[in-house]
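Asks: Pasted the sequence and its predicted model underneath.
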Number of protein chains: 2
Amino acid sequence: MTLKRLGEFGLISRIRARLKYRSGQTLLGIGDDCAVYKPAQGKRQIVTSDALTEDVHFKKNLIPPARLGYKALAVNVSDIAAMGGTPRLALLTLGIPANCPLPYLNKMLDGFLDACAQFKVELVGGDTVSSPKNLFISVTLIGDVSKDRLFTRKGARPGDGIFVTGSLGNSALGLKLLTGEKTAWKGSKKDIKFLIDAHLSPIPRLKESGALSRSKAKITSMLDLSDGLAGDLAHICQAGGVGARLCEDRLPRSPAFTNICAANKLSSDDLILGGGEDYELLFTSPPKDAKKISGLFRKAGSPVSHIGEITARPGEIVWVRSNGRESILPRSQGYDHFKS
Amino acid sequence: MTLKRLGEFGLISRIRARLKYRSGQTLLGIGDDCAVYKPAQGKRQIVTSDALTEDVHFKKNLIPPARLGYKALAVNVSDIAAMGGTPRLALLTLGIPANCPLPYLNKMLDGFLDACAQFKVELVGGDTVSSPKNLFISVTLIGDVSKDRLFTRKGARPGDGIFVTGSLGNSALGLKLLTGEKTAWKGSKKDIKFLIDAHLSPIPRLKESGALSRSKAKITSMLDLSDGLAGDLAHICQAGGVGARLCEDRLPRSPAFTNICAANKLSSDDLILGGGEDYELLFTSPPKDAKKISGLFRKAGSPVSHIGEITARPGEIVWVRSNGRESILPRSQGYDHFKS
């Protein structure tokens, strides 16, 4: 069986048959001009779109199709988590080259639908079109959030602590390992696998976001790290009209990251400050809630680090090195699709 | 100024600055990880996605960029209209080739934003990424609909009348005129312009859908014509487990369509039955409401035609020619992206 023989409607039928998760909100799913759903009462609706393009965001020979499908949903789930929300319904638009093998497509879709089941998201619609050259995956994810626990980028105030979940730079280093010559990298297989996995199958911090949302801790701003710590912190500073101090020795590094950086003499700062796709949560909270936050994450069995403070100097991010020397980070907005 | 110099964030800033319509439902628009909105109380939410790919759905040299931007929204508005709904919020995802001239992109975006203002839709999010070769435009449109006036494909019953708005085949013939050798076509400039306009700037039947929604007429099924009358009517028959009789001499043709078909000896049936992108509403209603419907459309100053009847023979569409001869239309699901 080929895509040409299966056809667009055959492909859509196959997707419908493979759905594993259905939401109680959905009144009409795939197959009509629109999907119909009933939003949860008393909540705010939230919506995000993120696209992955072949040879821009991924190379077919570097990411297995099931993981690509997973990642296409996971990066959107991360945006919902960044607002303190819960993902509910997805729309998947695929631009598919004529020569895309059907088994590849099936595995990619299975990865996407498995991720839908994992994050309790129902696929309710989208579009499948042909694409002249590159595979194009565009996902829209709709979710909801409590009225009084909506976390946005705007609101950080001087004196607030800056927190980050998990550890940083794993994905950027994983990408380096994937695309570089394998024989040239020193380090244990286990460490290398950990870092590559961080790049290929990022874990959106939905559990941690939910714990913050249910807590009484005041969260003054939050986003997910997709463009690198320096660029994303700049977004928070810009939105709030504030600055920040970032302490090098407080930045969380995984053992695998530390080992591979050391073994290969890589600058870990560049990977952490400029490396994208960590999908960790970056948030700010007043000093009085710092203990509440560490207690909360301890209870959730999830790491969190207090990496710096918000200052009153608009747009200025001061980088405090382990040796005590300070410098101002150059203004950066992170990865830019058209400048890079 | 080039796209490379403007950059992704510059492009997003420009889009934000150009927004002409803002919805009272939106609490947070472009610029955060998600858009946030408050759905209208007591309504059902509806959502659709439709993508346009360069060299598949359009050729840059055949459609001016502003009309491409308009069309990307209009085809989605048509899907919302097909459910009896009102469009509210849009997300726009662009895959942009590095060599796409910034003036082209600006005109396309202006066309999209003008269409947003025209249809009272707020652009609240999306994604802008680079694309290795072809321009890719993916739109998600969120709207709402009254609980008791939701029109779907399913529900047509034997004896129901089949109705269609406007006239048929204009877009398919317009596309033929656009892509064929211009000198070879006979006919008046005015007729040719009318048909090409129907292809480049389809008018979604939002006004007519709204009139049906506010009326007391019973609508048993509805969709918008995007894949050709035969294929789309087959969708209604399949969803309802019914068949149909379609009468050739009742099919609405525009004067321009009739003139150009006659002058160039084209088979008008093929263009009407198989030609796509009419974006007219196709719906069914019990016989008792036929007068109500014609009165309604007369009042709205909008044409509607009663083109046939629903039958009890599942999946069978009988084609009744002007000369009285009958044949069964071959099963077709309309345009297929991977079979064509």
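Replies: Yes, it's here.

Asks: The most centrally placed residue in chain A in helix, strand or coil?
Replies: Using CA atoms, centre = their mean, the residue of chain A that lies closest to the mean C-alpha position is A:Y279, 3.4 Å off. Of the three states, A:Y279 takes coil under DSSP: H, G, I helix; E, B strand; the rest coil.

Asks: How about the contacts made by it?
Replies: Residues in contact with A:Y279 (CB atoms under 8 Å, 6 or more residues apart in numbering or on different chains) are A:A74, A:V75, A:S78, A:S171, A:P202, A:I203, A:P204, A:R205, A:D224, A:L225, A:S226. Quick note: C-beta positions are derived from backbone N, CA and C, even for glycine.

Asks: and if you look at A:R149?
Replies: By CB under 8 Å, 6+ apart, the contact set of A:R149 is A:G84, A:S213.

Asks: What strand or helix carries the residue nearest to A:L27 when sequence neighbours are not counted?
Replies: Once flanking residues are discounted, A:L27 sits nearest to A:V36: 4.4 Å by CB to CB, 6 or more residues apart in numbering or on different chains. Counting by DSSP states H and E, the element that carries A:V36 is strand A:35-37.

Asks: And A:I203, by the same measure?
Replies: Using DSSP H and E, A:I203 sits in no helix or strand.

Asks: where does it fall, phi/psi-wise?
Replies: When quoted as degrees, to the nearest 10, the phi and psi of A:I203 stand at phi -100, psi 110.

Asks: Around it, how many other residues sit close by?
Replies: 16 (other CB atoms under 10 Å in any protein chain shown).

Asks: burial measure for A:K339, as a count.
Replies: Neighbours of A:K339 using other CB under 10 Å come to 14.

Asks: One more: A:T311?
Replies: Here the number of neighbours of A:T311 (other CB under 10 Å) works out to 18.

Asks: now swap in A:G187 and tell me
Replies: So A:G187, with other CB under 10 Å, has 16 neighbours.

Asks: how about the residues of the stretch 151-300 of chain A near chain B?
Replies: When proximity is defined as CB under 8 Å from any CB of the partner chain, the stretch 151-300 of chain A approaches chain B at A:T152, A:R153, A:K154, A:L223, A:D224, A:A239.

Asks: what sits against the first one?
Replies: The contact partners of A:T152, taken as CB under 8 Å, 6+ apart, are A:M83, A:S221, A:M222, A:A239, B:L28, B:D32, B:V36.

Asks: Likewise for the third one?
Replies: The contact partners of A:K154, by CB under 8 Å, 6+ apart, come to A:S221, A:A239, A:G240, B:D32.

Asks: what's the nearest residue to the third one if we skip its chain neighbours?
Replies: Closest residue in space to A:G240, ignoring its immediate chain neighbours: A:A156 at 4.1 Å, by CB to CB, 6+ apart.

Asks: Tell me how many other residues surround that neighbour.
Replies: Residues near A:A156, counting by other CB under 10 Å, number 28.

Asks: Give the residue spans of the stretch 1-150 of chain A that score low on pLDDT.
Replies: By pLDDT under 70, the stretch 1-150 of chain A contains no weakly predicted segment.

Asks: where along the stretch 151-300 of chain A do the strands fall?
Replies: Under the criterion DSSP state E, counting those that start in this stretch, the stretch 151-300 of chain A contains strands at A:161-165, A:221-224, A:243-247, A:281-285.

Asks: Kindly reformat the ones you listed as CSV containing mean neighbour count and mean pLDDT.
Replies: Converted to CSV, these look like this (neighbours: other CB atoms under 10 Å in any protein chain shown; pLDDT from 0 to 100):
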stretch, mean neighbour count, mean pLDDT
strand A:161-165, 24, 98
strand A:221-224, 25, 98
strand A:243-247, 20, 97
strand A:281-285, 26, 98
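
Asks: will you turn the ones you listed into a markdown table that also has distance to B:D191?
Replies: As requested, these are arranged in a markdown table below (distance: least, CB to CB, whole Å):
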| stretch | distance to B:D191 |
| --- | --- |
| strand A:161-165 | 64 |
| strand A:221-224 | 55 |
| strand A:243-247 | 64 |
| strand A:281-285 | 60 |
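
Asks: rewinding a little: report the buried members of the contacts of A:T152.
Replies: Burial by neighbour count, 16 or more other CB atoms under 10 Å in any protein chain shown: within the contacts of A:T152 this picks out A:M83, A:S221, A:M222, A:A239, B:L28, B:D32, B:V36.
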